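Trainee: Mind folding the following:
(chains A, B and C)
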Amino acid sequence: MSSSDDDMPLARANGHLSASKVSKADDRAMDVDSSAEAMPAPISVRNGPVDNHSRVNGSGKRKSRSSIANVSYKDASDSDDGPLAKRQKKIVADDSDDEVLSRKPKKLPPAASETAVLEDSDDDKPLNAKLAQKRKSIEKNAEKEAKAIRANESKQKKPTPKKAIKEESDDDAPLAGAKGKKRVSNGAASKSKANGVKKEESDSDAPIRKKIKAAPAKTAPAKGKVKAESSAPAKKTPAKKVKEESADPDEEDEEAEYRWWDAPKKEDDSIKWTTLEHNGVLFPPAYESLPKNVRLLYDGVPVNLDVEAEEVAGFFGAMLHQKHHVDNPVFQQNFFKDFKEVLDRTGGATDRQGNKVNIKDFSKLDFQQIYDYYHAQSEARKAKSKEEKKADKAEKDKLEAPFMYCRWDGRKEKVGNFRVEPPGLFRGRGAHPKTGKVKHRVLPEQITINIGKDAKVPQPPEGHKWKAIQHDNKATWLATWQENINGAYKYVMLAANSAIKGQSDWKKFEKARELKKHIDRIRKDYTRDLKSEVMADRQRATAVYLIDKFALRAGNEKDTENEAETAGCCSLKYEHITLREPQTVIFDFLGKDSIRYYDEVTVDRQVFKNLRMFKKPPKKDGDDIFDRLTTTQLNKHLSSYMQGLSAKVFRTYNASYTMANLLKNLPVNNASVQEKIKLYNDCNREVAILCNHKRTVGAGHEAQMEKLGDRIKGAKYQKWRLKQMLVDIDPKQRKKRGTEYFEYDEDLDESWIQDHIAFLVEEQRTKIQKKFEKDNEKRQAEGEKPFPDKELKERMKAADELDKKLKKEYRTKKVEAEGKSPTIDKIEQLINKADERIKALELQAADRDGNKEVALGTSKINYIDPRLTAVFAKKFDVPIEKFFSKTLREKFNWAIKSVEDNVDWEF
DNA sequence: TTAATCACTTAGAACTAGCTTG
DNA sequence: CAAGCTAGTTCTAAGTGATTAA
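Mentor: Okay, here's the model as predicted:
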């Protein structure tokens, strides 16, 4: 046990340690419900403690529990560099200032996943239980399958019967080669990065541009081995439809698709290419000074700045609309500090007379003019005519053309991000301590180029040099540099639809599929180890349990001073988990990108006891739950089951496996295409929830929902009016249908209706006004005299009448039937229509609200084996376009093609 | 053993194009 | 027939995890 726990500097494993061994007595003690954790108030909110306004950590409820009254959520801390000691300083109820820092997401998402395994979970049983049941059966399934696979395998050394999927020959992991070997560069430079700056001109042979253009389509790679192609030339892309041959210089050498997924696998895939040609990177345009009349104001005084300082001011000014950043005090402070530095370096600011202006107070800065200027520019851009836009686009394309593609082993491949990141302000997510700092312009001198030995090295901009040139064919990047804020490495790599990315995607999913074979054994082992006497093992088993069951991320250690405080499994802290007897665990922490993970789940009793043990005093806030476990250890353990198995594979596995099972049990049979899509998306959504993929719907959402709500009410109001018309036509209707029928919908209330009437009238007015102006324009264009204002007034009478009419209706609750020769029948039809409309709108509202914070995209792009989708689409005759956008279809081309004639493919 | 380095995947926000829809 | 959305795309931050260096 550490000696002085309280004032220890913060560092992982520095907090309180658990004992290294667990005695029987310790174990038994955990059964007794006596710890500080003991009696949490029964929280039943699935959506997490919603603490509405400012404070977001949702600790309100828990704080009120005496037992853990001192739980301080890390976000309650007010220091960004938060040494533990500091964080512990008792946060009394309100540390007002830090809510402004917006450390937490503003809205409370619904509880992440209903992954509970056992019963319990007092309230909201039904939903919970249903989903839990589903998961459970999926797991059962997994075990069965694993056994089956193994049985099958031992019987016949040659596994897969399916010819199309030779990939399945999983015994030798696809990754094996790559990962096993060290990634020693065999390129020339790599060792001596610094030495670098090989003279570009030195080794340039034929100019690459020329080569690219010249290269006849078919004569692919005269160079290295690259035999792959041979095996499956099958589909050739027909030589491009006529079209603009001129526009794209690369158009001419359209090539046959490289069907690597049909090609034999390479024995050694650590070598990524044999030849590599490209044109380097595209730098952002140089800074353009603001016009003289656009100024930064300080204390109301327009100031002169050096261009460099002006540019930095411009960074801030340009993002004035991004309240989220601009209002964040940390962002402001960091920006201001850097801004002042530039100011100091460049001679400061002066007023019109040339007198020094001492800029020392951020709040006196006024960027409005700058913002307005940039905003106007972008508006102007948007307002451009079609032709102009087209011309602009053409110019841009021309500029980018040389960088768009590279030649990789002779094949033309798309480059992903050839543009060097422009300078600006660092937008860290969550409570990033460095958010708002100035991100410098990247110079060629900072950029290392990776390129084939025989390729022409791209020319750096006039008067500049590259930092270095290397020829590392074990790396897939074309260029790299380090960013100045965190020293993070940035890479220019190929696009997602490239062969190299596709292959590694494929490997990822194959790896996950391979896990199917081992999952039962792994689960058995960790279930056993949950009771291990060795604390490290017990922690590891518990962690794997959580990762497996709840799809948590591994949780690498983080640099607390320079990064936002977020957590994953291994880095979970004391305060991130609350325990409720007998076996409920409540997670509440910020995960990747500071996205909140909130979930109440039911766990095995042993897991519950272990967690209690890992939280045993003197552990407290800020201490690691898994103090004897690191991700490295965990992954090392996992890899003993299977080459290349690490924590993240579980996420892929669980997502894809879950998706597979969900799709399997879908009632697709006589569903329409629309319905099938909906069903698929529902599955997708479940996976997204499992992975806790969310989007923060900005302030806009609330307003949008309200607007939608208003539209619903509006429709209901119209329906009410229609009903009254029935009476107008035939007073007997009232008796016939009963008075209730003619009352307001419960959604509507008097004051809303009054507002609505005002709104409708106003709307009419605007319409009339607009129409009037338009008509006038037309007249003017035709050389006629514009209408006099009198005409407008005349027209406006319609609105006044409407006002009168609606108000009268409102007073008398009588509505005159509208339309020519209205009949009961006609009105009834209209009522039906209104009903339909209401229903549609309500559905839309519900759908949107339910979906508002779930992001389906991420799981579709990264976690769900695309072959599942391809098979689903094929099997049930839904066009793949309904599931994959154009880019996604390109990215997943391998998947779509490889199951084309194998709808029986299974994950 | 730990820390640093590096390369690559995963992630939500911001931006944009194109499609309704009022 | 623009306005207002949504879906799709781009951007780059933030993870993971292997390897290397200390």
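
Trainee: Give me the secondary structure label for the residue of chain A found nearest DNA strand B.
Mentor: DNA strand B sits closest to A:Thr696 of chain A, with a gap of 2.8 Å, by CB to the nearest atom of the strand. (C-beta placed from N, C-alpha, C; glycine too.) Three-state call for A:Thr696 (DSSP: H, G, I helix; E, B strand; the rest coil): coil.

Trainee: Distance of it relative to A:Thr346?
Mentor: For A:Thr696, the distance to A:Thr346 equals 37 Å [CB to CB, to the nearest Å].

Trainee: Those two - which one has more neighbours?
Mentor: Neighbour count, other CB atoms under 10 Å: between A:Thr696 and A:Thr346, A:Thr696 has more, with 18 against 15.

Trainee: Quick check: the more buried one touching A:Val854?
Mentor: No: counting by CB atoms under 8 Å, A:Thr696 stays clear of A:Val854, with 11.6 Å between them.

Trainee: Averaged pLDDT, stretch A:545-560. What do you get?
Mentor: The average pLDDT within stretch A:545-560 is 96.

Trainee: Show me what counts as buried in that stretch.
Mentor: The neighbour-count check on stretch A:545-560 (16 or more other CB atoms under 10 Å) flags A:Tyr545, A:Leu546, A:Ile547, A:Asp548, A:Lys549, A:Phe550, A:Ala551, A:Leu552, A:Arg553, A:Ala554, A:Gly555, A:Thr560 as buried.

Trainee: One more: stretch A:596-610?
Mentor: For stretch A:596-610, using 16+ other CB under 10 Å, the buried residues are A:596-604, A:606-610.

Trainee: again, but for stretch A:523-531
Mentor: Using 16+ other CB under 10 Å as the burial criterion, the residues of stretch A:523-531 that qualify are A:Arg523, A:Tyr526, A:Asp529, A:Leu530.

Trainee: burial measure for A:Glu750, as a count.
Mentor: 9.

Trainee: one step back: out of the buried residues of stretch A:545-560, which touch DNA strand C?
Mentor: A:Arg553, A:Ala554, A:Gly555 (CB under 7 Å from any atom of the strand).

Trainee: May I see the residues you listed arranged in a markdown table, with secondary structure and distance to DNA strand B as well?
Mentor: As requested, those are exported to a markdown table (DSSP: H, G, I helix; E, B strand; the rest coil; distance: CB to the nearest atom of the strand, whole Å):
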| residue | secondary structure | distance to DNA strand B |
| --- | --- | --- |
| A:Arg553 | coil | 7 |
| A:Ala554 | coil | 11 |
| A:Gly555 | coil | 12 |
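
Trainee: okay, those in TSV with distance to A:Ile753 next?
Mentor: TSV is the format used below for these (distance: CB to CB, whole Å):
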residue	distance to A:Ile753
A:Arg553	51
A:Ala554	56
A:Gly555	54
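
Trainee: So which of the residues you listed is the closest to A:Ala496?
Mentor: For these, the residue nearest A:Ala496 by CB to CB is A:Arg553; the value is 21.6 Å.

Trainee: if we can go back for a sec, okay, and which of the buried residues of stretch A:596-610 map to strands?
Mentor: A:Arg596, A:Tyr597, A:Tyr598, A:Asp599, A:Glu600, A:Val601, A:Thr602 (DSSP state E).

Trainee: filter the residues you listed down to the ones close to DNA strand B.
Mentor: Filtering these for proximity to DNA strand B by CB under 7 Å from any atom of the strand leaves nothing.

Trainee: any idea which of those residues is the one closest to A:Val294?
Mentor: Of all these, A:Arg596 has the smallest distance to A:Val294: 40.1 Å, by CB to CB.

Trainee: Quick check: the gap between A:Glu906 and A:Ser656.
Mentor: To A:Ser656, A:Glu906 is 11 Å away according to CB to CB.

Trainee: can you list the domain ranges for chain A.
Mentor: Using automatic domain parsing, the domains assigned to chain A come out as A:24-126+A:507-654, A:187-283+A:386-473, A:296-383, A:671-696+A:853-898, A:700-851.

Trainee: Any idea which of these gets closest to A:Gln133?
Mentor: Of all the domains of chain A, it is domain A:24-126+A:507-654 that lies closest to A:Gln133, at 9.5 Å by CB to CB.

Trainee: Assign A:Lys456 to helix, strand or coil.
Mentor: coil.

Trainee: tally of neighbours for A:Lys619?
Mentor: Count around A:Lys619 with other CB under 10 Å applied: 22.

Trainee: What separation is there between it and A:Gly15?
Mentor: 7 Å.

Trainee: Now for those two: what residues contact both?
Mentor: A:Asp627 (CB atoms under 8 Å, 6 or more residues apart in numbering).

Trainee: Looking at the buried residues of stretch A:545-560, spot the one nearest A:Tyr405.
Mentor: Of the buried residues of stretch A:545-560, the one sitting nearest to A:Tyr405 (CB to CB) turns out to be A:Arg553, at 34.5 Å.

Trainee: Nearest spatial neighbour of that closest one, chain-adjacent residues omitted?
Mentor: The shortest distance from A:Arg553 to any non-neighbouring residue, by CB to CB, 6 or more residues apart in numbering, is to A:Gly568 (3.8 Å).

Trainee: can you tell me which residues contact that neighbour?
Mentor: Residues in contact with A:Gly568, defined by CB under 8 Å, 6+ apart, are A:Leu552, A:Arg553, A:Ala554, A:Gly555, A:Asn556, A:Gly591, A:Lys592, A:Thr631.

Trainee: okay if I get those residues as CSV plus distance to A:Lys393?
Mentor: Output for the contacts of A:Gly568, formatted as CSV (distance: CB to CB, whole Å):
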residue, distance to A:Lys393
A:Leu552, 44
A:Arg553, 40
A:Ala554, 43
A:Gly555, 44
A:Asn556, 42
A:Gly591, 39
A:Lys592, 35
A:Thr631, 46
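
Trainee: Just the closest of the residues you listed to A:Arg721, please.
Mentor: Among the contacts of A:Gly568, A:Gly591 lies closest to A:Arg721 (CB to CB), at 50.1 Å.

Trainee: how about the nearest residue to that closest one, chain neighbours excluded?
Mentor: Nearest residue to A:Gly591, sequence neighbours excluded (CB to CB, 6+ apart): A:Tyr597, at 4.7 Å.

Trainee: who's the one you found bridged to?
Mentor: Counting by DSSP bridges, A:Tyr597 forms beta bridges with A:Phe589.

Trainee: how close does it sit to A:Asn556?
Mentor: Distance of A:Tyr597 to A:Asn556, given as CB to CB: 16 Å.

Trainee: Ok, A:Val303 next?
Mentor: For A:Val303 relative to A:Asn556 (CB to CB), the value is 45 Å.

Trainee: give me the element A:Val585 is part of.
Mentor: Secondary structure assignment for A:Val585, by DSSP states H and E: strand A:584-590.

Trainee: Just list what that strand packs against, helices and strands only.
Mentor: Applying 3 or more CB pairs under 8 Å, 6 or more residues apart in numbering; DSSP states H and E, one finds that strand A:584-590 contacts strand A:577-580, strand A:596-602, helix A:605-614.

Trainee: partner strands of the first one, parallel or antiparallel?
Mentor: Looking back up the chat, that one is strand A:577-580. As defined by DSSP bridges, the strand partners of strand A:577-580 come to strand A:584-590 (antiparallel).

Trainee: Could you tell me the angle between the partner strand and helix A:605-614?
Mentor: Orientation check (axes from the mean of the first three to the mean of the last three CA atoms, to 10 degrees): strand A:584-590 against helix A:605-614 gives 50 degrees.
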